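>>> sequence plus the predicted model coming up.
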Amino acid sequence: TPLTGMARRDLIQTALAAAEKQTARTLDLRWKGTSQPLTVVKVPLTATVLNPRSHRIRAELESRGDEVNVVTSDPYSAESQALISEILRETKGFDNIKAALERDGGQRDPGVITHQGLLVNANTRRVALSDLSSEYIDVAVLPQDATDKEITDVELDLQMATDVKQDYTFSAQLLFIEELMTERGMSAEQIGMRLNPTLSDSEAGRKKARQVVEQEMRLLRVAREVVAAGDGHVKLVQFDDDRQAFIEIDQDFERGRKKDEAEARRVRDAQLVGLV
């Protein structure tokens with residue numbers, strides 16, 4: 001049975017208090033617009049909970065229908081946490097992460113958690129550590145006043161940056177970008193610049209950032225059209241290995257519609273049928 005939120009918080013506070021008495025390891029993290037060193041502690045796996053809102057698993061959760069109702073109604077129950085663990089074990093790259101943890105004798109990089117033990121990232125590592133019978137996980141602890149918006153910002157920096165340890169799937173990235181636009185009100189340019197920090201803060205760099213995100217949203221709209229036409233037989237996650245195919249179909253359509261949009265749409269739909 002998972003620990004209560006209060007029990008998790010107490011374990012994390014105890015670890016932080018102990019770290020203050022010695023030279024604690026820190027993790028530099030962008031926080032509220034500036035770089036801030038966060039204290040890294042070693043806490044029991046039981047002091048953490050897998051994040052039901054992790055964008056890594058959102059598309060997979062959507063594809064499971066009524067099975068995920070338990071996650072919606074009670075996200076930190078044993079049943080919900082077991083389902084999230086199962087999904088994470090099926091993500092691309094899980095076996096590689098598990099093998100690396102076993103080879104290295106544990107983590108090289110800490111995860112990030114809230115004071116309540118909610119994992120912002122390192123959810124996959126947490127499951128892999130559990131499978132390897134490890135009892136502890138290294139984590140940097142966010143400030144107590146962390147809001148949902150700030151936690152999402154941290155996930156964006158940690159998971160969507162170019163040096164990410166485990167790439168997001170095609171569907172996961174599309175849904176994350178959509179959420180940033182619809183729920184956070186971020187522009188395509190803002191998101192694109194955050195996704196690719198190597199872009200220069202110039203007119204050309206901002207234009208490229210905007211174009212990339214606008215294309216991602218076109219791909220999501222097309223993918224959802226296919227899912228809707230599939231009448232329940234097609235899931236968004238089925239396209240996770242088809243990113244390049246979707247890009248090429250989109251590029252063909254964008255070129256063709258300037259001459260004859262109706263014909264370009266017919267060609268696009270035929271290509272999508274072939275893909276499915």
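In hand now; what should we look at?
>>> where do the helices of the stretch 1-150 of the chain begin and end?
Ranges of helices in the stretch 1-150 of the chain, per DSSP state H, counting those that start in this stretch, are 5-20, 58-63, 69-73, 78-89, 94-104, 123-131, 148-159.
>>> of the ones you listed, flag the one that's most buried.
Stretch with highest mean neighbour count among those: helix 123-131 (a mean of 22; mean count of other Cβ atoms under 10 Å). Every residue, glycine included, has its C-beta placed from N, CA and C.
>>> so what touches it?
Identification of contacts with helix 123-131 by Cβ atoms under 8 Å, 6 or more residues apart in numbering yields 45, 48, 50-51, 54, 56-57, 84-85, 88-89, 91, 93-94, 97-98, 101, 106-107, 111, 119, 136-137, 166.
>>> with stretch 215-230 instead?
Identification of contacts with stretch 215-230 by Cβ under 8 Å, 6+ apart yields 171, 173-175, 177-178, 181, 188, 234-236, 239, 243, 246-247, 249-250, 268, 272, 276.
>>> determine how far that stretch lies from the middle of the whole chain.
Counting by Cα atoms, centre = their mean, to the nearest Å, stretch 215-230 is centred 20 Å from the centre of its parent chain.
>>> show the contacting residues for residue 50.
The contact partners of residue 50, by Cβ under 8 Å, 6+ apart, come to 81, 84-85, 88, 119, 123, 126-127.
>>> oh, that last question was meant for residue 265, not what I typed.
Residue 265 touches 253, 257, counting by Cβ under 8 Å, 6+ apart.
>>> any idea of the mean pLDDT in the host helix or strand of it?
According to DSSP states H and E, residue 265 maps onto helix 243-275. Mean pLDDT, computed over helix 243-275, is 91.
>>> ok, so of the contacts of residue 50, who is nearest residue 71?
Nearest to residue 71 among the contacts of residue 50: residue 84, at 6.9 Å, using Cβ to Cβ.
>>> got a pLDDT number for the closest residue to that closest one other than its chain neighbours?
In this structure, residue 84 finds its nearest non-sequential neighbour in residue 50, 4.5 Å apart by Cβ to Cβ, 6 or more residues apart in numbering. At residue 50, the predicted lDDT confidence score is 96.
>>> quick one: low-confidence parts of the stretch 151-276 of the chain?
159-166 (pLDDT under 70).
>>> mind running it again at 80?
Applying pLDDT under 80 to the stretch 151-276 of the chain picks out residues 159-167, 197.
>>> can you list contacts of the longest strand that the chain contains?
The longest strand of the chain (DSSP state E) is strand 34-44. Strand 34-44 is contacted from outside by 11-12, 15-16, 18-20, 24-31, 110, 112-113, 117, 135-142, using Cβ under 8 Å, 6+ apart.
>>> quick check: buried residues in that strand?
Neighbour counts using 16 or more other Cβ atoms under 10 Å place 38-44 of strand 34-44 among the buried residues.
>>> again, but for stretch 116-123
Using 16+ other Cβ under 10 Å as the test for burial, stretch 116-123 gives 116-123.
>>> alpha carbons only: can I get that stretch in CSV?
The C-alpha trace of stretch 116-123 is given here as CSV (Å, rounded to 0.1, in the frame of the first residue of the first chain):
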residue,chain,number,x,y,z
GLN,A,116,5.0,15.6,-1.4
GLY,A,117,7.1,13.0,-3.3
LEU,A,118,5.5,13.4,-6.7
LEU,A,119,8.1,12.6,-9.4
VAL,A,120,8.4,15.4,-12.0
ASN,A,121,10.8,13.2,-14.0
ALA,A,122,12.7,9.9,-13.5
ASN,A,123,9.4,8.0,-13.4
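>>> from the middle of its chain, how far away would that stretch be?
Taking Cα atoms, centre = their mean, one finds stretch 116-123 lying 12 Å from the centre of the chain it belongs to.
>>> quick one: mean pLDDT over that stretch.
Averaged over stretch 116-123, pLDDT sits at 94.
>>> what does stretch 86-104 give?
Averaged over stretch 86-104, pLDDT sits at 90.
>>> distance check, the closest residue to residue 136 other than its chain neighbours against residue 151.
Spatial nearest neighbour of residue 136, excluding adjacent residues (Cβ to Cβ, 6+ apart): residue 42 at 4.9 Å. Counting by Cβ to Cβ, to the nearest Å, the gap from residue 42 to residue 151 is 22 Å.
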